Structure formats: structure tokens, C-alpha cells
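[1] Got a predicted structure plus its sequence, pasted below:
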Number of protein chains: 2
Amino acid sequence: MTRPGSRSGTTMNDVAAAAGVSQATVSLVLNDAAGTRFSEETRRKVHAAVHELGYRTNAHAKVLRDGVAGMIGFVGDFVATAPFAGKIIEGAQARAWEAGLLLLAVNTGGDKALEAASLETMLSYKVAGVVYAAMYHRVLDVPDVLAELPAVVLNSRDRSGRFPSIAPQEELGGYMATKRLVDAGHRRIAMINIGAVDGELPAAAGRHAGYLRALREAGLDTDPRLHRIGDGHESGGFDNALALMTGPQPPTAIFCANDRTAWGSYQALAQLGLSIPHDVSLVGFDNQETLAPHLRPGLTTLELPFLEMGRRAIEVLLAGAERDGSTEYFECPLVERHSVAAPLKTATSF
Amino acid sequence: MTRPGSRSGTTMNDVAAAAGVSQATVSLVLNDAAGTRFSEETRRKVHAAVHELGYRTNAHAKVLRDGVAGMIGFVGDFVATAPFAGKIIEGAQARAWEAGLLLLAVNTGGDKALEAASLETMLSYKVAGVVYAAMYHRVLDVPDVLAELPAVVLNSRDRSGRFPSIAPQEELGGYMATKRLVDAGHRRIAMINIGAVDGELPAAAGRHAGYLRALREAGLDTDPRLHRIGDGHESGGFDNALALMTGPQPPTAIFCANDRTAWGSYQALAQLGLSIPHDVSLVGFDNQETLAPHLRPGLTTLELPFLEMGRRAIEVLLAGAERDGSTEYFECPLVERHSVAAPLKTATSF
DNA sequence: CCGTGCTGGTAATTCGTATAACCAAGCCCC
DNA sequence: GGGGCTTGGTTATACGAATTACCAGCACGG
């Protein structure tokens, strides 16, 4: 009644003994080694013994001999915790698994000591490479120890330029978001940003640059009063949307540089009795899945392609992670929902 | 200028050679082995060589000899992806790290083949134990292979009763949520559930049982029309809140069995022009951090103690995970915000 | 001058797997 | 009838660290 191979102590020698062959034979048969020939009878006996004993290869012995483990390290600051960035780890893990690799994941919570210790441990385990991920897009300093193996910076850029980086294409995203509003017929389009344009926040700077490009391309003037600095949270959206809509020459559309900001704007507009998209059109950024689809009306927004970015990070690692310091940018696709419509025909659209 | 120990190939033998001692000496000195005596001079030379060469112990060689690895497997269905359950993995990882262990995490996405393969790989790596986690509280079937090592079921219960389980105390949560409303003076309290009470959803059944207990304890009658079955999403909250408030004898308070349901109720109440908490009080469940604090007004809700549950899972593993099939329940603390107030003095409160 | 005990180390073995090198038996063919 | 090829395996070793058993040298006591 007890399953035969429940003890984890079964080794290749046990299998060999049970099958009446040598340990080498077991190894060669199991690995289907090229250039070796064994009788069908022997193969059958080996496999039968493996099954009978519940043999499982000892990965450590294998790694010790082969030098490289079937694991990839994943170090993130808050990746597993962040509401939407879990996707990034999911994508990485899925791709790693396709290559037969497991992810050794650590959330440092920003703790540099933990980060250093984790990396040491990962190196001890001879991980095939390390993905160094950040919760939000920024320019960061990569620990020196990563120079010892293939490493990729994910959702950020490496300041030192030593490592390949993978980041979202912020400028194009800002452009597409704004263009969506321009194409809908809007002529007075505000932007509520998630931070200062000159700070170390590529998302704020890039999305704003795209916003400006779309406006200029459409021949619209870029009233600086229409660009407001929020904080990336609901309150930033709430306060700024309120200010924009109650001020002189209110916009007919607002590009919110993230979904939480957009949510704050929804709340402000509701308070003002303005309807979306009838009175004001809105575009967000992030496509936060716990938020954007559930707002009423659903928020049209740009998706951060975290799943793909995570996948790609592993691919770059597997390809050797050329130490050229280049950054690979991922396009953020527009996710159409119901927060954009044509502007009301008012004096401003005349 | 180049860092000395950048090559990862440095072994204990290299260190021994550089220090002019034997490999055994290096090992004994580095591990500070009890009962051995080495001169200060020798110790110094060893440490100097280690530093000079950038030696790092090969974890696989160590595990191969010692038998158990410094890793714990974490298998979840959607844990990393789920909006709030990332906490569960964060807690587990933090506790594991305190014990010097790393988490080998896999998200199966519900794929049983991937799950089986991951577990095999983890066993190959001689993980010290496995946490088998579920995104939402349910009764589940644990893969047989887990019987081979210490294993804990997290955020669910093991149907077979073979493994220790860790789950939230749903009934008490439902009781506390409802009691909060009773204590505020409400006498007609509805509940919008997240599923059927008789399904395999301990959360739905437990929270409802607690709801009933609180009502009975307060001597209130339990009008079955006040208990409505939602789907756990916004729409379930929206539709049912609408129905409740526009029906006969509307409640003055609603216990929503999760925060998303509560959010849907917010939207329905807003549409009806009812204010929270003035016209209707609301209590949620989950304390979803991307949602509950950001609603206007902030949602009073019960916290799922995922961080602590994750920590506890590792502790149970470290203690050997006694195969007694017991379930350890975690209390869900009430998080007070601003969605509960005393009912308006109407005829029903008279 | 020999036995005993202490100091400060070293040699050898073990863990489980992969693989290079080797080998015995059988058969063919000149 | 012996050289050479094929078939079907085996033996031996390396990977890197931990640990047990052992050992050389010296001091001391009787």
C-alpha cells in the first residue's frame, strides 16, 4: 500500500543494483546519451527500476559536476508586493520554466543588506543569471557583484551602462495616449503627471514628452497650465482634476499618467457632477488590472507589458546577456475601454 | 583595478594553495568548527586568501554532502499574480530568510502538469520543505508527492487531512464585521456574499455563519432576503446593493464579503445618491491595499493577515510540519476607516 | 629515556552524477 | 586464423566541501 519510492534517499547506485547494471549504465540510459548503444532489454530494466524505486536525480550532484544550475535568480525591490508588477515575475517565471529553469526569487523590500546577502547566496547556488528588477521605472545603480554573471536590469535602466536593460517605452506611450484624445477630436487636453519632469522618473518625463509631441504634431498649442504635477496617487488625480475643471478654460480631456491618478480624477469629476466620457474624456496609464477594468466607465489606458518584459528578461539572460548596456524598450499598447468620446461641441471646439 | 575574485571558479583548494595550508584547514577555519584549534596566524592567512580570491562557497557541494538544501519550495496557483496575495509570498520569504533560507517559488497558474514538474524539480533540489499555497481559501487536494517531505497548506485546507493547514478565521471575521455594524446601532444589516454558502468556498460559508451569529447574539432577526449571493466582483456588489436599496425595507448597513464587492456597492450607492456612511454603512473584507484605503470614504474592512500567514507557514515547516492534518486559523483584524456610522433615526430604528 | 598529553595541523573519504576511457564477446572477411 | 569492426556494456575519475581519523613535533613528568 505504501508507495515504493517514498524515501528520498534513492540514488543512481540503488537503481543500478536493482536493475543489475552499473551506475554508469543508468546514467547513460536516463540521459539518452548520444553515441551509446544499449539493448532494449537493458533500457527497460533501468526504467523499471527507476519507477520501482521512485528514483529522482539529485540536482546538486548534477550541478556540482556540470557547473551551472537550472536556476535563475530574481531580485526585486517590491516586485512581488506591488499590485500590478506581479506580472513581471509571472512572465519571467513562465519563460524560465519553458527553458527548464526555476526562479530563485527574493523581494528585498529595498533592504540593501538583504539584497547583497541574497545575491551572494544566489551566486553560491550557481544561478545561470540574475534578473534585477525594480517596481517602477527608474535609473538605478546595480550591485557590482552582478558583473560576475549574466545579468539583466528589468523595468529600469542601469546607470553604469554595464548591463542590458529592459524598460517600457514611456515617450511613445505618452504620445499614443494623447493622440487617442486628439483623434477623438479634443483640442484642449490636460495632463496630470505622476511626478516632476526633471526628477529621476523616466515615466514622468517620457510620458510628458510624448504628450507634448502629440499636441505639437496636431498643431495644438501646449498651454503649460494644462500640465499638472501629481503624486501618482488618487489624491494627485483628485486635486488636480478638481483644479483643472474649476479653473479658467477647462480641458475637455485629461491624460492621467497612471491609473491611480485617473481614479482620483474619476472621483473628482463625479463630485463635480461631470460625466465620463460625455463631459470629459480620460486616458490612464498602467492598465492596472485591479482598477482600470472596474471603474465606471471602464478606463481607456496604456498597458505596461510586464508579462512580456519579464519573459524577455529571461530570454536576454539565456542568450548570454551581452554586456553592452543597451536598453530594450517595450511598446505599451493602448487598451480601449469607455472613457474616451468626442468632445461636446462648445465654443472651444469651434 | 579589476576586482580580484571576479571569476566564479575559485574553490576551497585555490584558497588553500594561496594560504599555504590544506583544504581541510580552510574548511575548518571558515566554519569555525568546534573542537579544533588553529593559530591566529593560520586563521588570518586563510581569511586573507578568501578575501583576495573572492572565494564563495559552492552551495551544491555543501548540499550534496549535508543532504539538505537551504531552500524552501513555494508552489502557488496564482499567488504572485493575485492583487493582494503577494503579501503571502512576501511574508514567507521574509521568514525563510531569517532562517537563512531562500524561496524557490513557482506560480503554476493552475496548470497541474507544471505543478507536478515543479514539485519534482524542487525535490531534486532537496528543498527543506514545501509551502503549497492557494490564492483563495478553499478545500483542496494536495499532490501525493508532498508526502515525501515537510509540507504545509497555506490559505486553504487539505481535504485529505494529511498536512497541516493555515487559513484565515472566516467565521470570526464575519462575526466581527457584523458586530461592528450592530455596535454602531444598526438593526437591519444586509450581507452581500461572494458566492454560495453551500459551495466549496469556506470564505463564503464562514463569513456568512459569523454574520448570522452576530445578528442572533444581538437579538436581531435574520431576514434571509437580506443575504444576497454575489460573485466576488464589483458587479456582484453593484447589482445586489442596487437591489437591496431599491427593494422593500432597505437595510441601513451592508456587510460586503470582500472589498471588490464593497467597491461595487459604493458605485451603486453613488448612483442612487446615497452617501456613505451617512445613509448606509458598509464593511468590507480583505483590506485590499490597492482599494480599501483609496475609496471615498475609506472602507472599514477586515484584514486578511497574509503576511503573518506566510510567515507562519515557514515556521511550521521549520518545526517539522507535523503530519497531523490540523488547521491553524488566523484572526482577521478589523481595520477601521470611515464607512461606518450610526444609522439615521428612521422608523425602523425606533 | 620513555610514555603521555597537548598543539596545530593534514590525508583520506564521502556525498551522487556524468563521462571519458576502456574492454570482452561475437562476427566477418581476407 | 588473426586483424578489425560492432555491440553492449563497465571502470575509474572529477566536481567542491565537510569531517573523521590520524600524525608530527614538542614539552613535561617520572
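    Arrived safely, thanks for sending. Numbering: from 1, shown residues only, chains lettered A, B, ... in the order given.
[2] Do a quick rundown of the strands in the stretch 251-350 of chain A.
    A:253-256, A:281-283, A:301-302, A:327-330, A:334-335 (DSSP state E, counting those that start in this stretch).
[3] what about the second one, average pLDDT?
    Model confidence over strand A:281-283, given as mean pLDDT, is 98.
[4] elements contacting that strand?
    helix A:170-183, strand A:253-256, helix A:259-272 (3 or more Cβ pairs under 8 Å, 6 or more residues apart in numbering or on different chains; DSSP states H and E). The way it works is simple: take the backbone N, C-alpha and C, and place the C-beta from them, glycine included.
[5] can the ones you listed go into CSV with extra columns for mean neighbour count, distance to DNA strand C and mean pLDDT?
    Below are the helices and strands packed on strand A:281-283 laid out as CSV (neighbours: other Cβ atoms under 10 Å in any protein chain shown; distance: least, Cβ to the nearest atom of the strand, whole Å; pLDDT from 0 to 100):
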stretch, mean neighbour count, distance to DNA strand C, mean pLDDT
helix A:170-183, 23, 45, 98
strand A:253-256, 30, 54, 98
helix A:259-272, 24, 48, 96
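[6] would a markdown table of these with distance to B:T36 be doable?
    Below are the helices and strands packed on strand A:281-283 laid out as a markdown table (distance: least, Cβ to Cβ, whole Å):
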| stretch | distance to B:T36 |
| --- | --- |
| helix A:170-183 | 58 |
| strand A:253-256 | 66 |
| helix A:259-272 | 59 |
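[7] Go through these and name the closest to A:T121.
    Relative to A:T121, the nearest member of those by Cβ to Cβ is helix A:170-183, separated by 33.8 Å.
[8] Walk me through which strands the helix or strand just after the closest one pairs with, and which way each runs.
    On the C-terminal side of helix A:170-183, the closest following helix or strand by DSSP states H and E is strand A:189-193. Strand pairing for strand A:189-193, determined by DSSP bridges: strand A:227-229 (parallel), strand A:253-256 (parallel).
[9] Format these as a markdown table; extra columns: distance to DNA strand D.
    As requested, those are arranged in a markdown table below (distance: least, Cβ to the nearest atom of the strand, whole Å):
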| stretch | distance to DNA strand D |
| --- | --- |
| strand A:227-229 | 52 |
| strand A:253-256 | 53 |
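[10] will you turn those strands into JSON lines that also has distance to B:N258?
    Output for the strands paired with strand A:189-193, formatted as JSON lines (distance: least, Cβ to Cβ, whole Å):
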{"stretch": "strand A:227-229", "distance to B:N258": "34"}
{"stretch": "strand A:253-256", "distance to B:N258": "27"}
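[11] For B:Q271, which of those strands is the nearest?
    Nearest of the strands paired with strand A:189-193 (Cβ to Cβ): strand A:253-256, 22.3 Å.
[12] mind exporting the closest one as PDB, just the C-alpha atoms?
    The C-alpha coordinates for strand A:253-256 follow below in PDB (Å, rounded to 0.1, in the frame of the first residue of the first chain):
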ATOM      1  CA  ALA A 253      -9.900  65.600 -21.900                       C
ATOM      2  CA  ILE A 254      -7.300  64.600 -19.400                       C
ATOM      3  CA  PHE A 255      -4.400  62.300 -19.900                       C
ATOM      4  CA  CYS A 256      -3.600  60.800 -16.400                       C
END
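[13] Nearest to B:F74 among the strands of the stretch 251-350 of chain A would be which one?
    strand A:327-330 (27.9 Å).
[14] what comes up buried for the closest one?
    A:T327, A:Y329, A:F330 (16 or more other Cβ atoms under 10 Å in any protein chain shown).
[15] swap in stretch A:271-291?
    Quick answer for stretch A:271-291 (16+ other Cβ under 10 Å): A:276-277, A:279-291.
[16] next one: stretch A:130-149
    Neighbour-count burial for stretch A:130-149 [16+ other Cβ under 10 Å]: A:130-140, A:142, A:145-146, A:148-149.
[17] tell me which of the buried residues of stretch A:271-291 is nearest to DNA strand C?
    Using Cβ to the nearest atom of the strand, A:E289 is the member of the buried residues of stretch A:271-291 that lies nearest DNA strand C, at 41.0 Å.
[18] how close does that closest one sit to chain B?
    Distance from A:E289 to chain B, counting by Cβ to the nearest Cβ, to the nearest Å: 7 Å.
[19] That residue is in contact with A:E90, isn't it?
    No - with contacts counted by Cβ atoms under 8 Å, A:E289 stays clear of A:E90, the gap being 11.8 Å.
[20] Which positions in chain A make contact with DNA strand C?
    By Cβ under 7 Å from any atom of the strand, the residues of chain A that approach DNA strand C are A:9, A:11-13, A:23-24, A:27-28, A:30-31, A:33, A:55, A:57-58, A:61-62, A:64-66.
[21] Could you rerun that using 10 Å?
    A:8-16, A:22-36, A:55-66 (Cβ under 10 Å from any atom of the strand).
[22] Give me the subset of the residues you listed that also touch DNA strand D.
    Counting by Cβ under 10 Å from any atom of the strand, the members of the residues of chain A next to DNA strand C near DNA strand D are A:16, A:22-29, A:33, A:35-36, A:60-66.
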